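S.K.: Whatever this is, show me its structure:
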Amino acid sequence: MSNQTKKGSAIETILNVGSGYFISMIINLTFLPFFIVKIAEQDVITAAFIGVVYTVTSMIRSFFFRRIFNKIRI
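M.R.: Residues are numbered from 1 along each chain as shown. Alright, predicted model coming up:
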């Protein structure tokens, strides 16, 4: 099993972080409006829940890109 090249790592990182930006925008526009009141009240449980949603989304996205780049070995 060969290691990923520096170029491959850079491309994977750019795609992962770049897609993360767009995915977070979609979440912001579709998911956060349901929590406006709780966010305004600075509810800790709501803040933790939203943090979990973003963290899980990020982990899934990172896993997806890692698997793709392991298969194509750029």
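S.K.: Which helix or which strand is home to the residue sitting nearest the centre point of the chain?
M.R.: If you average the C-alpha coordinates of the chain and look for the closest C-alpha using C-alpha atoms, centre = their mean, you land on residue 58, 2.6 Å from that point. Taking DSSP states H and E as the definition, one finds residue 58 inside helix 44-72.
S.K.: Once you drop chain neighbours, what's closest to the residue nearest to the centre of the chain?
M.R.: Distances taken as C-beta to C-beta, 6 or more residues apart in numbering place residue 20 nearest to residue 58, at 6.3 Å, with adjacent residues excluded. From N, CA and C alone the C-beta is placed, and that goes for glycine too.
S.K.: How much space separates that neighbour from residue 7?
M.R.: Here the criterion is C-beta to C-beta, to the nearest Å. By it, residue 20 lies 20 Å from residue 7.
S.K.: And the two? Which one has more around it.
M.R.: Shown here are residue 20 and residue 7; by other C-beta atoms under 10 Å, residue 20 has more neighbours (16 against 9).
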